[in-house]
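A.B. asks: this is a predicted model, with the sequence first.
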Amino acid sequence: MKSSETGPAQVIIAPSLLAADFGCLREEIARVESGGADRLHLDVMDGRFVPNLSIGLPVVEAVRRLSRLPLEVHLMIAEPERFIEAFRKAGADTILVHAEASPHLHRLLSQIRSMGARAGVVYNPATPLAGLEYIADLVDQVLLMTVNPGFGGQAFLSEVLGKVRRCATRLRTFGRPVDLEVDGGIDEKSAPLVTKAGANVLVAGSAIFGDPDPGAAIRRLRQAARLGRVSREA
């Protein structure tokens, strides 16, 4: 992946399987793979850290068998340190943990990287970016939630755009490529806004799997995201 002074240049689309039809998961994955998805995003919720339950280890293992795409597993769970090894063994290439979920974030990110996975930190909309510089050597990806986590299909929170811009500025000081990802309410309208602000990885669920042609939805989303990227670099 090439990089520029604004960060990683490539727009990466990561369909969120939370919005897929699990009754035909093999077909859903095949459709986004053939449609040009770059990664698959899997949301793991425990009903404690967020007010909802979703998938667990067996589904991650199944998706790993069904796809060759990189898998990023977003742990919206309490005590994530208890499950890092299990999700890595299940097939996670990137493990994303919430800054709010553990008092030992540095240790947690170190644990992820020691297992050969990419490490990512997630910030909820109301969580400040304080302390990000102290994990600069450990983080491969920063995910900013653009909705309050726990449920799919929510509306994009435009007030997070300033946070995306501030985060992009900080990441440029790290001296190495770090993905800046956004998740929540991402569609053709919000995509150019977040990429103009500095994001390069977009998680989208309903906008992709809610379309009769997920591949076409991915292409439209990527084109909209690139418009924002071009506007930023102009």
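C.D. replies: Great, that's in hand. Numbering: from 1, shown residues only.
A.B. asks: any weak-confidence spans in this protein?
C.D. replies: Counting by pLDDT under 70, the chain contains low-confidence ranges at 1-9, 234.
A.B. asks: and with 80 instead?
C.D. replies: 1-9, 150-152, 231-234 (pLDDT under 80).
A.B. asks: and residue 215, how far from residue 203?
C.D. replies: 17 Å (CB to CB, to the nearest Å). C-betas here are computed from N, CA, C, even on glycine.
A.B. asks: looking at the two, which is more packed in?
C.D. replies: Comparing residue 215 with residue 203 by neighbour count (other CB atoms under 10 Å), the higher total belongs to residue 203, at 27 against 16.
A.B. asks: quick one: stretch 47-61 to chain centroid distance?
C.D. replies: Relative to the centre of its chain, stretch 47-61 is centred 16 Å away, using CA atoms, centre = their mean, to the nearest Å.
A.B. asks: repeat that for stretch 83-100.
C.D. replies: With CA atoms, centre = their mean, you get 13 Å for stretch 83-100.
A.B. asks: what residues does it touch?
C.D. replies: Applying CB atoms under 8 Å, 6 or more residues apart in numbering, the set of residues contacting stretch 83-100 from outside is 39, 42, 44, 49, 57, 60-61, 63-64, 70-77, 80, 105, 108-109, 111-112, 115-124, 127, 131, 140-141, 143, 149.
A.B. asks: show me where this protein has helices.
C.D. replies: 25-34, 57-66, 84-90, 105-114, 161-171, 191-197, 206-209, 214-233 (DSSP state H).
A.B. asks: contacts for the first one?
C.D. replies: The reference is to helix 25-34. 15, 17, 20-21, 40, 62-63, 66-69, 208-209, 214-215, 218.
A.B. asks: what subset of these is buried?
C.D. replies: For those, a neighbour count by 16 or more other CB atoms under 10 Å gives the buried set as 15, 17, 20, 40, 62-63, 66-67, 69, 208-209, 214-215, 218.
A.B. asks: just send these back as JSON lines, with distance to residue 175 too.
C.D. replies: Putting those into JSON lines (distance: CB to CB, whole Å) gives the following:
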{"residue": "15", "distance to residue 175": "31"}
{"residue": "17", "distance to residue 175": "33"}
{"residue": "20", "distance to residue 175": "37"}
{"residue": "40", "distance to residue 175": "29"}
{"residue": "62", "distance to residue 175": "38"}
{"residue": "63", "distance to residue 175": "34"}
{"residue": "66", "distance to residue 175": "37"}
{"residue": "67", "distance to residue 175": "33"}
{"residue": "69", "distance to residue 175": "29"}
{"residue": "208", "distance to residue 175": "34"}
{"residue": "209", "distance to residue 175": "37"}
{"residue": "214", "distance to residue 175": "37"}
{"residue": "215", "distance to residue 175": "37"}
{"residue": "218", "distance to residue 175": "32"}
